[in-house]
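Student: Mind looking at a prediction? Sequence and model below.
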Amino acid sequence: MVDDMTGAAAPVGRSRQRWMRAVALSWGFAEATVFFVVPDVWISLVAVRSLRQGLWACVFALAGALAGGVVVYLLGLRHQGALLALYDHLPAISRGLIAQVSGQLQSLGPVGVVVGGFTGAPYKLYAAQAASTGMELPLFLAASVLARGLRFVFVAVVVGLAARVLTTRLASRTTRWVLVAFWLLFYVWYWSRMPN
């Protein structure tokens, strides 16, 4: 059952909450380092059942993303070439995209990180190249909070509110399948338009 804005109508047990938050934290870290599916997928799957829990998933996914961003930033200080060569082999990443992110960081600085959070360029590319553009770690993390946090919350709120509307017309299970179908179609489109 989908909750209201407070989450009161769809209580979730403590062990399930811990599990959902652990997945969000791990997914945020994994995607910030090497994984190639955004934590927004998990956040939306949680938010479709409970907006409140979806917002908590945002907090934990953001914490994981920031931890992963620190790891990649520090690796980028000494091993940027090897790191970017690894990323060049991941889906939807190319040398051209890596160069584009580098140019964006050089011209926009931390604003580039925020803009990147809404353009489809993987966060890990910003983390790997931020230090080489002279961006200090605290500034990179501040920009990361905006880039990741704003998008995560946007996804949770849109999905949570859409689920409330859809479940008045469809069964909750059908609403979840609509969301799964959306993400599958999104990634077919995304991976087909991004360079390999």
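Tutor: Arrived safely. Numbering: from 1, shown residues only.
Student: Centroid-wise, who is the farthest residue in this protein?
Tutor: Taking C-alpha atoms, centre = their mean, the residue of the chain most remote from its mean C-alpha position is R169, at 29.3 Å.
Student: which residues does that residue contact?
Tutor: R169 makes no contacts at all, as judged by C-beta atoms under 8 Å, 6 or more residues apart in numbering. Just so you know, the C-beta spots here come from the backbone N, C-alpha and C atoms, and that holds for glycine as well.
Student: change the start of the numbering to 823 and stick with it
Tutor: All set: I'll call the first residue 823, so the last point we hit is now R991.
Student: Now name the helix or strand holding it.
Tutor: Under the criterion DSSP states H and E, no helix or strand holds R991.
Student: Could you measure from it over to P944?
Tutor: In this view, R991 and P944 are 36 Å apart by C-beta to C-beta, to the nearest Å.
Student: tell me the SS of the spatially closest residue to G931 that is not a sequence neighbour?
Tutor: Using C-beta to C-beta, 6 or more residues apart in numbering and skipping residues adjacent in sequence, the residue nearest G931 is M957, 6.3 Å away. At M957, secondary structure determined by DSSP: H, G, I helix; E, B strand; the rest coil is coil.
Student: From V870, how far out is G971?
Tutor: According to C-beta to C-beta, G971 and V870 sit 20 Å apart.
Student: quick one: which of these two has more around it?
Tutor: The residue with more neighbours, out of G971 and V870, is V870; 24 against 17, by other C-beta atoms under 10 Å.
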